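[1] got a sequence here, can you model it:
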Amino acid sequence: MNEPLAITGVGAISSLGLSAREHAKDHENWIFADVDTVEATSSGSIGHSVREVPAGFRIRDYVTSVGLRRKQRFSQLAMAAAVDAFAGAHFAELPADAERIGIVANTEYGPQRVVSDYLDGLLGGGLMNASPALFTQTVYNVANGQASLALGLKGANSTLVGGSAVAYGAQLIETGKADAIFGMSLDETNEIMTDHFDAAAADLDRELPFSTGEAAAVVVLESPRSAGRRGAEPIAHLLGLSLASATSAGVSYVDWPENDDTIAHTMRAALGDAGLGVGDVDIVVGTANGLGAITRNEIAAIRGIGHRGPIALPRLLAGECFGGNEALAHVLALSAAEPGQTLLVTVSTVNGGVTSALVRKA
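    The predicted model follows:
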């Protein structure tokens, strides 16, 4: 990176709570003393559990517009996380140019609940039973569009499928296309995914406990100049990034290739981009979700780069949240870190993408 970017706020909605602040509680069984402790951890039960957003979630607690409140749940989760991050970054008290603030959202499965409901009507009764209102909510970019409307943001607006919202957001800022970007990660549970893992649970290759979850989370990236101009105090700094793809990966974490070195390669490249060595890293924040190959590859990667210190595995805490993983990993890692600590955060996507980031808590 040309210069570190400021992280001025975070937001999160997941099974762990309805705001980033609620995610800062002490949680067990996701931070390990070292890689040996991770490897010695039991895989747990063979069943499948789903970790959903608490039943107390109400969009009216976040959004005043009645029209936006009527949007489907996928968009509601996105709006809530964005509103939480907007407050955390203090944009109301310390405003910036809305034309220069944007949103990049990543999802892996999109608004599948809405798609399912729409198709039930279409296939069950033809065009007369296909809801026009639902149809407008079936597109993948609906969530960040609604979040932008809720906050009045008028800058860059992009949707990724199986990508890195943090990396793309950083690129937009570095190339002068935005002053600040809400890097959003988003996916909700859906019946198809839950039924699949319920049926496959007994046969899954596991190294650690595995569950599925859902999340909408945001990391607010901002240029140092923009943050300084409006008097915002960074909560962390993004020091370096690297992206790669496991080219032999399938379309599921179950298909992740054995003995693949993509995670190790990405970790090393991110360290190089930040100009740091592994000895500068206080905590490795991993992508392992408990399933066999990806977890074994990450354990090998951590050993390979020579990290002997603490390891945090957010997906053991919140579940495998698919498109919701990236920003949520940053939220949880920053909540657990001490001021001045440096984190190596690695996140994989279901299609084989891997992103590693070096972040230092302010």
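
[2] quick one: pLDDT of residue 122?
    On pLDDT, residue 122 comes in at 89.

[3] so it lies in a helix, does it not?
    Yes: counting by DSSP: H, G, I helix; E, B strand; the rest coil, residue 122 falls inside a helix.

[4] what separates it from residue 267, distance-wise?
    45 Å (CB to CB, to the nearest Å). Every C-beta, even on glycine, is put in place using the N, C-alpha and C of the backbone.

[5] in the protein, which helix is the longest?
    If you go by DSSP state H, the chain has its longest helix at helix 73-88.

[6] wait, residue 30 sits on residue 316?
    Yes: look at residue 30 against residue 316 with CB atoms under 8 Å: they come within range, at 4.8 Å.

[7] these two: which is more packed in?
    Ranked by neighbour count (other CB atoms under 10 Å), residue 30 and residue 316 place residue 316 first, with 26 against 17.

[8] just confirm that one is within a helix.
    Yes: Residue 316 forms part of a helix when assessed by three-state DSSP.

[9] check contacts around it.
    Going by CB atoms under 8 Å, 6 or more residues apart in numbering, residue 316 touches 29, 30, 208, 209, 288, 289, 290.

[10] ok, for residue 264, nearest residue in space, not its chain neighbours?
    residue 301 (3.7 Å; CB to CB, 6 or more residues apart in numbering).

[11] can you show me the helices along the stretch 51-200 of the chain?
    Secondary structure of the stretch 51-200 of the chain, counting by DSSP state H, counting those that start in this stretch: helices at 66-69, 73-88, 112-125, 132-135, 142-151, 165-174, 191-200.

[12] if we can go back for a sec, which residues are in contact with both of residue 30 and residue 316?
    By CB under 8 Å, 6+ apart, no residue touches both residue 30 and residue 316.

[13] residue 102 is in contact with residue 182, isn't it?
    Yes: taking contacts as CB under 8 Å, residue 102 lies within contact range of residue 182: 7.2 Å.

[14] compare these two and say which is more crowded by neighbours.
    Set side by side, residue 102 and residue 182 show more neighbours around residue 182, with 33 against 24, by other CB under 10 Å.

[15] and stretch 134-144, C-alpha only, in CSV?
    The C-alpha trace of stretch 134-144 is given here as CSV (Å, rounded to 0.1, in the frame of the first residue of the first chain):
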residue,chain,number,x,y,z
LEU,A,134,-40.3,-9.3,-4.4
PHE,A,135,-38.7,-9.2,-7.8
THR,A,136,-37.0,-5.9,-7.2
GLN,A,137,-35.4,-7.4,-4.1
THR,A,138,-33.9,-10.4,-5.8
VAL,A,139,-30.8,-8.7,-7.3
TYR,A,140,-27.5,-9.0,-5.4
ASN,A,141,-26.8,-5.3,-5.3
VAL,A,142,-30.0,-4.4,-3.6
ALA,A,143,-28.5,-4.4,-0.1
ASN,A,144,-25.8,-1.8,-0.6
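
[16] now that stretch, how far from the centre of its chain.
    The chain centroid and the centroid of stretch 134-144 are separated by 19 Å under CA atoms, centre = their mean, to the nearest Å.

[17] and for stretch 97-115?
    That offset, for stretch 97-115, works out to 12 Å (CA atoms, centre = their mean).

[18] quick one: residues contacting the residue nearest to residue 264.
    Counting by CB under 8 Å, 6+ apart, residue 301 has contacts 261, 263, 264, 267.

[19] what do you get for residue 277?
    So residue 277 contacts residue 271 (CB under 8 Å, 6+ apart).

[20] tell me how many other residues crowd residue 118.
    Neighbour tally, residue 118, other CB under 10 Å: 22.

[21] do you know how far it is from residue 258?
    Taking CB to CB, one finds residue 118 at 39 Å from residue 258.

[22] thinking again about what came up before, which elements pack onto the longest helix of the chain?
    strand 5-14, helix 66-69, helix 112-125, helix 142-151, strand 180-187, strand 215-222 (3 or more CB pairs under 8 Å, 6 or more residues apart in numbering; DSSP states H and E).

[23] okay, these in JSON lines with distance to residue 96 next?
    Formatted as JSON lines, the helices and strands packed on helix 73-88 follow (distance: least, CB to CB, whole Å):
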{"stretch": "strand 5-14", "distance to residue 96": "10"}
{"stretch": "helix 66-69", "distance to residue 96": "22"}
{"stretch": "helix 112-125", "distance to residue 96": "32"}
{"stretch": "helix 142-151", "distance to residue 96": "12"}
{"stretch": "strand 180-187", "distance to residue 96": "6"}
{"stretch": "strand 215-222", "distance to residue 96": "8"}
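
[24] tell me which of the ones you listed sits nearest to residue 347.
    strand 180-187 (8.4 Å; CB to CB).

[25] just want the angle from the closest one to helix 112-125.
    Here the directions of strand 180-187 and helix 112-125 differ by 50 degrees (axes from the mean of the first three to the mean of the last three CA atoms, to 10 degrees).
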